[in-house]
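Undergrad: need a 3D model of the sequence below.
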Amino acid sequence: MNLDTQVTIELEGMSEAEAMELIGSRDKNLEALQKAFSKNISFRDNTFFISGCDQKTSGQIEKVLHALYTQVKKGIRINEQDVNYASRLAQRNEEIRFEELDKTVVGRTANGKAIVPKTLGQKAFVDAMNENPIVFAIGPAGTGKTYLAVVQAVTALKKGEVKRIVLTRPAVEAGENLGFLPGDLKEKVDPYLTPLYDALHDMLGNEQTEKLMERGNIEVAPLAYMRGRTLNDSYVILDEAQNTTSSQMKMFLTRLGFHSRMVITGDITQIDLDRRTPSGLIEASEILKGIEGIHIMRLSADDVVRHPLVQKIIEKYAEHE
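TA: As a prediction, this is how the structure comes out:
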C-alpha cells in the first residue's frame, strides 16, 4: 500500500452521542489513538480518516476502534487509558478482551458504582485473590495493587467472609521509628496509610469507615505491632512491602490464622531500605514460589491506570536501570 493513501474506517450504526463518547471530550481519546500509532487520524460523518498508513497498522487501528465502540454501545465510558491499553494489545497482535474485564465486578463503591479491573493483569490479580489464601502483588506505581486489595477486603467483610480487615505497612522508610513522630499511634501511622484510607472511603464512605474502625472491624497498625499475634477470620493487607526486611516479612507471613487471607503489595523499583539490607519482598517472592495456596502476581507497565505519562516514565526508568 502506498503510504500516501488515506485509509477510511467507518463504524456502522454509530449514533452522534456514541461518536462523542468514542472520540472523547475535546477529542482526547482520538488524540490518544493518534499518539499510540503516530498517525494523523481525523473523524467526521461517522468515519475515521487515517493518513499515511499501511495495511498492518490500519488493521490494528480498526481493531482498537471496534473494541472501544463495543464498550461504548454497552454504555461504558472509555478514557485515554482504555485507548492506550487497547492500542498496546493490538500492536502486539493480542486480543482486546474488554468483555472479560466487564464481567469481573470486584466490589461496589459507597455510591453503588461497580469496580472492575481495567487490564487483564488486574483481572488476573483479582482472580488470584479469590483463589489463594496468600497473594503477592508486585508491580510499579499506578497498577491498582493497593486499591484492588482493599476493595477485595471490604467486599469480603460485607459478605461476612471475614470479621475484620487489618491494614499494615512499614511505617517509615527503613525503620519504623514512630517515636519521633508527634501524636498517638493512629496519628503517627495515618500519614503513611493514605492510599489505604482513600480506598476505604471510596468503598464505605467516611462515616461508615470511621464506625467500623471504632468497632475494631477495620484495624490500622504499623508492621511492628503484628509481632506475637495470630490473625484469624481476617483480611490482612501489607502495603509497601518492598520496604520490609527479611525478618519482618517472615514475621508477618507467619501471623496467618484460620479463615484468613493475606495480600502483600509492593514495588521493587522503589525500595527505601539501606542498600546493604535485602528486601523481604524480593526474598519472599523467590523462596515461596511454587507453594500451593501462595500466588505471586507480577503486574507491569501495561497495567498502569494513571496518566499515560506514568507508563512511559516507568518504562524509561526500567530501560535506564
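
Undergrad: OK, contacts around the residue lying closest to Gly142 once chain neighbours are set aside?
TA: Excluding the flanking residues, the one nearest Gly142 by C-beta to C-beta, 6 or more residues apart in numbering is Arg306, at 3.7 Å. (C-beta placed from N, C-alpha, C; glycine too.) Shown in contact with Arg306 (C-beta atoms under 8 Å, 6 or more residues apart in numbering): Gln81, Ala141, Gly142.

Undergrad: in JSON lines, list those residues along with pLDDT, secondary structure and neighbour count.
TA: What follows is the contacts of Arg306, written out as JSON lines (pLDDT from 0 to 100; DSSP: H, G, I helix; E, B strand; the rest coil; neighbours: other C-beta atoms under 10 Å):
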{"residue": "Gln81", "pLDDT": "85", "secondary structure": "helix", "neighbour count": "20"}
{"residue": "Ala141", "pLDDT": "85", "secondary structure": "coil", "neighbour count": "14"}
{"residue": "Gly142", "pLDDT": "86", "secondary structure": "coil", "neighbour count": "19"}
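
Undergrad: include distance to Asp202 when you put these into TSV, please.
TA: Formatted as TSV, the contacts of Arg306 follow (distance: C-beta to C-beta, whole Å):
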residue	distance to Asp202
Gln81	18
Ala141	18
Gly142	16
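
Undergrad: check which helices and strands the top helix by length along the chain sits against.
TA: As assigned by DSSP state H, the longest helix anywhere in the chain is helix 55-73. For helix 55-73, the packing partners by 3 or more C-beta pairs under 8 Å, 6 or more residues apart in numbering; DSSP states H and E come out as strand 7-10, helix 16-23, helix 28-37, strand 47-51, helix 80-91, helix 98-102.

Undergrad: and those: which comes nearest Lys163?
TA: Lys163 sits nearest to helix 98-102 of all these, at 30.5 Å, using C-beta to C-beta.

Undergrad: the protein: helices as residue ranges?
TA: 16-23, 28-37, 55-73, 80-91, 98-102, 120-131, 145-158, 185-189, 194-204, 206-215, 246-253, 280-287, 308-320.

Undergrad: returning to what we had before: of all the helices and strands packed on helix 55-73, which one is nearest Glu286?
TA: helix 80-91 (28.7 Å).

Undergrad: so what touches that closest one?
TA: With C-beta under 8 Å, 6+ apart, helix 80-91 has contacts from 24, 28-29, 31-33, 36-37, 60-61, 63-64, 67-68, 71, 95-96, 98, 118-119, 302, 304-306, 308, 311.

Undergrad: for ChimeraX, what selects the buried ones among the residues you listed?
TA: A single ChimeraX command selects the buried members of the contacts of helix 80-91 (16 or more other C-beta atoms under 10 Å):
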select :24,29,32,33,36,37,60,61,63,64,67,68,71,96,98,118,119,302,304,305,308,311
